[in-house]
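Asker: got a structure for you, letters missing:
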């Protein structure tokens, strides 16, 4: 499993791990029931502390993305469609908040911002 960490990001390492694993689950790259690397193995691959990977896995479990079985490891939880949708909506809201700030700094009117958003939404990506 490929996870890319950034020291420049400003986001704590465990949060970067959580964000990327969630993205892989929501995007279908990781399937329900699929085993994740052990905390020790992931820590070794990423050259970070086991405590950091443990914290990330615990956060993912708390949010319902992972199930940890003692002695067996951590597995992708059967995630409900509502949980996936809610996660996606939260991500969209974060991006829109940044876009609104940029629009206000640039002096755009709400109507102009909405026209840009609609044009982008209707484009095939």
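Answerer: Thanks, I have it. Only a predicted model underlies this, so the values are computations on that prediction, with no experimental measurement involved. Residues are numbered from 1 along each chain as shown.

Asker: what comes into contact with the lowest-mean-pLDDT helix or strand in the chain?
Answerer: Across the helices and strands of the chain, mean confidence by mean pLDDT, DSSP states H and E is lowest for helix 81-105: a mean of 87. Helix 81-105 is contacted from outside by 22, 26, 64, 112-113, 116-117, using Cβ atoms under 8 Å, 6 or more residues apart in numbering. C-beta coordinates here come from the backbone N, C-alpha and C atoms, glycine included.

Asker: Apply 6 Å and report the result again.
Answerer: 26, 64, 113 (Cβ atoms under 6 Å, 6 or more residues apart in numbering).

Asker: now these: which count as buried?
Answerer: 26, 113 (16 or more other Cβ atoms under 10 Å).

Asker: Could you point out the helix or strand that follows the least confident helix or strand of the chain?
Answerer: Note on helix 81-105: by DSSP states H and E, the next helix or strand toward the C-terminus is helix 110-122.

Asker: Now the most centrally placed residue in the chain: closest residue in space, sequence neighbours ignored.
Answerer: Against the mean C-alpha coordinate of the chain, by Cα atoms, centre = their mean, the closest residue is residue 19 at 2.7 Å. With Cβ to Cβ, 6 or more residues apart in numbering as the criterion, residue 19 has its nearest non-adjacent residue at 7.6 Å, and that residue is residue 11.
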